[in-house]
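Engineer: sequence-free structure coming up:
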């Protein structure tokens, strides 16, 4: 639970006392909570119908970058602006994770981990350096651009793909379905950072994986439904994909019996790629509320027509 539940309320209260002392912090499920006084809700996966119980709600803030846990509620108040978690710390953490994943695939860390677990000492060489390994990033929003900046500093040649044309310094940019194949053909490590929309769900499937160069790596830190796990598993077993670092899944958590847990070419992390610290999330939420109260534009507001 990314908000920490009722047990975390004292910490949230202290953090908001520092960031926005005029705000009173209460637990959403508190008995006797005066619902008519609630103006803002900072939540992760609230129970269905919970947000609709507050008649004067002015802003909903997600404690994570995703909002599917809110918009999946048929009763969520659609007239209330919904803000996705963001900020500099989230971008920094995602960039760090993507660099970690790309270097792990580049230096064959799954092989190293397997050797350690087997207590087997094996010296080996890897085929390429970062300068000879092309990374392709799907999604060039704030997180994608942050990751690109860090990867570029390591020497990786970079490309990016998005639904609409974008520009990013040091990145060869591709856009739309017509340019997807060319993007994939030049990508030795594919990094998915796309938002969750109807158009991106199931996007990374067998045909997409087949268009990557032989032995390519896959990093999924976007959303679980975008990657078809059965197709990735088949590509790994066939040797078409050389390795993968996976942080998000569908379903989530990944069931304990799933074969990816024990696959020798896969590193699994439990959806931790870019979750900011609680102090950073409190500051971000306080800043968003302050901007809203001043009548200014609030960043990262969910747009239903775009799906994020």
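Structural biologist: Now that the structure is in, tell me what you want to look at. Treat the numbers as computed from the prediction; the structure is a model and nothing was measured.

Engineer: which residue packs closest to residue 51, ignoring adjacent ones?
Structural biologist: Spatial nearest neighbour of residue 51, excluding adjacent residues (Cβ to Cβ, 6 or more residues apart in numbering): residue 76 at 5.2 Å. Where you see a C-beta, it was placed from the backbone N, CA and C, and this is true even at glycine.

Engineer: Please disregard the earlier target; I meant residue 150.
Structural biologist: In this structure, residue 150 finds its nearest non-sequential neighbour in residue 95, 4.1 Å apart by Cβ to Cβ, 6+ apart.

Engineer: Pretty sure the one you found sits against residue 144.
Structural biologist: No - applying Cβ atoms under 8 Å, one finds residue 95 not in contact with residue 144, separated by 9.5 Å.

Engineer: Which one's more surrounded, the two?
Structural biologist: Ranked by neighbour count (other Cβ atoms under 10 Å), residue 95 and residue 144 place residue 144 first, with 27 against 22.

Engineer: Give the other helices and strands that the host helix or strand of the more buried one contacts.
Structural biologist: If you go by DSSP states H and E, residue 144 is part of helix 142-154. Under the contact definition 3 or more Cβ pairs under 8 Å, 6 or more residues apart in numbering; DSSP states H and E, helix 142-154 sits against helix 88-106, strand 135-138, strand 158-162.

Engineer: partners of the second one in the sheet?
Structural biologist: For strand 135-138, the paired strands and their directions (DSSP bridges) read strand 158-162 (parallel), strand 189-192 (parallel).

Engineer: tilt between the longest one and helix 142-154?
Structural biologist: Think strand 158-162. Interaxial angle, strand 158-162 versus helix 142-154 (axes from the mean of the first three to the mean of the last three Cα atoms, to 10 degrees): 170 degrees.

Engineer: which other residues reach strand 158-162?
Structural biologist: Residues outside strand 158-162 that contact it (Cβ atoms under 8 Å, 6 or more residues apart in numbering) are 134-140, 144, 148, 151-152, 166, 168, 170-175, 179-180, 183, 186-187.

Engineer: Could you identify the buried members of these?
Structural biologist: Among the contacts of strand 158-162, those classed as buried by 16 or more other Cβ atoms under 10 Å are 134-140, 144, 148, 151-152, 166, 168, 171, 173-175, 180, 183, 187.

Engineer: So which of the strands paired with strand 135-138 is nearest residue 50?
Structural biologist: Closest of those to residue 50 is strand 189-192, at 30.9 Å (criterion: Cβ to Cβ).

Engineer: now the next helix or strand after that closest one, how far from the centre of its chain.
Structural biologist: Counting by DSSP H and E, the next helix or strand C-terminal to strand 189-192 is helix 206-210. How far helix 206-210 lies from its chain's middle: 22 Å, per Cα atoms, centre = their mean, to the nearest Å.

Engineer: before we move on, what about stretch 128-148?
Structural biologist: On Cα atoms, centre = their mean, the centre of stretch 128-148 falls 15 Å from that of its chain.

Engineer: Check stretch 91-106 too.
Structural biologist: Distance, centroid of stretch 91-106 to centroid of chain: 12 Å (Cα atoms, centre = their mean).

Engineer: Same question for stretch 166-178.
Structural biologist: 20 Å.

Engineer: contacting residues around it?
Structural biologist: The contact list for stretch 166-178 (Cβ under 8 Å, 6+ apart) reads 137, 140, 144-145, 148-149, 152, 158-165, 180, 182-183, 186.

Engineer: What mean pLDDT does that stretch get?
Structural biologist: When pLDDT is averaged along stretch 166-178, the result is 96.

Engineer: same thing with stretch 28-48?
Structural biologist: Mean pLDDT, stretch 28-48: 95.

Engineer: Next: stretch 282-301.
Structural biologist: Averaging pLDDT along stretch 282-301 yields 97.

Engineer: Next, the buried residues of it.
Structural biologist: So, applying 16+ other Cβ under 10 Å, buried residues of stretch 282-301: 282-286, 288-289, 292, 298, 300.

Engineer: again, but for stretch 79-87
Structural biologist: 80-87.

Engineer: what do you get for stretch 202-219?
Structural biologist: Result for stretch 202-219 [16+ other Cβ under 10 Å]: buried residues 203-204, 208-209, 211-212, 216-219.

Engineer: From one end of stretch 220-237 to the other, what's the distance?
Structural biologist: Taking Cα to Cα, to the nearest Å, stretch 220-237 runs 18 Å from one end to the other.
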